[in-house]
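Peer 1: my questions are about this predicted structure, shown below with the sequence.
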Amino acid sequence: MTSRILTLSCPNTAGIVAEVAARVADNGGNITEAAQFDDQFSGTFFMRLRFDIAEEGLGAFTTAFAETAGRFGMEWRLKDAARPTRMLLMVSKFDHCLGDLLYRVKLGEMNADVVGIIGNHPEEVLHTSLHKGFDYHHLPVTKDTKAQQEAEVRRIVEETDAELVVLARYMQVLSDEMCQFLAGRCINIHHSFLPGFKGARPYDRAHERGVKMIGATSHYVTADLDEGPIIYQDVEAVSHADTPADLIGKGRDIERRVLARAVHLHLDQRVLVNGRKTVVFGK
Ligand SMILES: Nc1nc2c(c(=O)[nH]1)N[C@@H](CN(C=O)c1ccc(C(=O)N[C@@H](CCC(=O)O)C(=O)O)cc1)CN2
């Protein structure tokens, strides 16, 4: 037996769930988890299905399902639940999120293989040693060298066949072309509770504003800075006595857990993009 995760979206209409379930049952499959959402505003239907099926039934299922998908105008994806996703990590100077993700991968918490790490600073700036053993690509960048640097990033993504790129506090704005190339497979951690405090230095501005809660936001990266579809957010209470340094310290914990949760949801095929938003079939 093998376990597969099917995700799909299509214009909403009657009978979708019944047809999808029938294709699984027709080919000896057993549904182990199912969730769906009908977006009344966009008229789009979203579904995530996990099912077990015999290897020998998979081909017939895929052929039959392709016909069903065509009739409903579906966008769909079928992923082997056991196959690790090829993940490339990017970092600048602050490595708390990088270290946290690498630790979770080493613990087997993340169904991912790290195929490389790209940093725009030398690896010596990193505090963690968890990156040892992985290919670290030091790709410095300035406003004048961004095109060449991004061409190198793209080469590494293609050479490593990376399926997911994680900006683990990578503090450079990606070009429109790079965002297009990585559309739907690049996740960022922003160190504020978006849409508040977009851009750089959010903690200083939060301190200046006197907020009582700070947060972090993980989202898919788009050309519009900090505007990508949000995957996961979290917050924590702060006080008048917290200095900007205190906020940065408390923020590190929130950033770590928010990025890890967002990456975990993506790796488990639980996040579907719905225009400028997401549908998250959480567990
Ligand atoms: N196209 C996008 N690129 C990136 C995004 C994004 O949403 N879309 N998120 C950022 C991360 N980030 C906030 O979360 C962020 C990073 C960097 C900057 C910024 O202004 N950087 C300056 C350079 C700063 C430096 O050299 O230290 C710049 O690039 O000119 C703002 C927000 C990752 N990329």
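Peer 2: Cool, the structure landed.
Peer 1: Provide a list of residues in contact with L174.
Peer 2: 150, 182, 186, 221, 223 (CB atoms under 8 Å, 6 or more residues apart in numbering). (C-beta placed from N, C-alpha, C; glycine too.)
Peer 1: phi, psi for it please.
Peer 2: phi -80, psi 150 (degrees, to the nearest 10).
Peer 1: can you check I118 too?
Peer 2: The phi/psi pair for I118 (degrees, to the nearest 10) is phi -110, psi 130.
Peer 1: look at L49 and give its secondary structure.
Peer 2: Look at L49: counting by DSSP: H, G, I helix; E, B strand; the rest coil, its state is strand.
Peer 1: near the ligand, which residues of the chain?
Peer 2: When proximity is defined as CB under 6 Å from any ligand atom, the chain approaches the ligand at 167, 170-174, 179, 188, 190, 199-200, 221, 223, 225-226, 228.
Peer 1: which among those residues count as buried?
Peer 2: Neighbour counting with 16 or more other CB atoms under 10 Å marks 167, 170, 172, 174, 179, 188, 190, 221, 226, 228 as buried within the residues of the chain next to the ligand.
Peer 1: so which of these sit within strands?
Peer 2: 167, 188, 190 (DSSP state E).
Peer 1: out of the residues you listed, who's nearest the ligand?
Peer 2: When these are ranked by distance to the ligand (CB to the nearest ligand atom), H190 comes first, at 3.5 Å.
Peer 1: I'd say that closest one and G215 touch.
Peer 2: No. Counting by CB atoms under 8 Å, H190 does not reach G215; the two are 9.5 Å apart.
Peer 1: how many neighbours does F72 have?
Peer 2: By other CB atoms under 10 Å, 18 other residues sit near F72.
Peer 1: that one reaches I16, doesn't it?
Peer 2: Yes. In terms of CB under 8 Å, F72 counts as a neighbour of I16; the distance is 6.1 Å.
Peer 1: okay, and the common contacts of those two?
Peer 2: Residues touching both F72 and I16 (CB under 8 Å, 6+ apart) are C10.
Peer 1: thinking again about what came up before, for the ones in strands among the buried ones among the residues of the chain next to the ligand, give me a markdown table that also has pLDDT and distance to K93.
Peer 2: Output for these, formatted as a markdown table (pLDDT from 0 to 100; distance: CB to CB, whole Å):
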| residue | pLDDT | distance to K93 |
| --- | --- | --- |
| L167 | 98 | 13 |
| N188 | 98 | 16 |
| H190 | 97 | 16 |
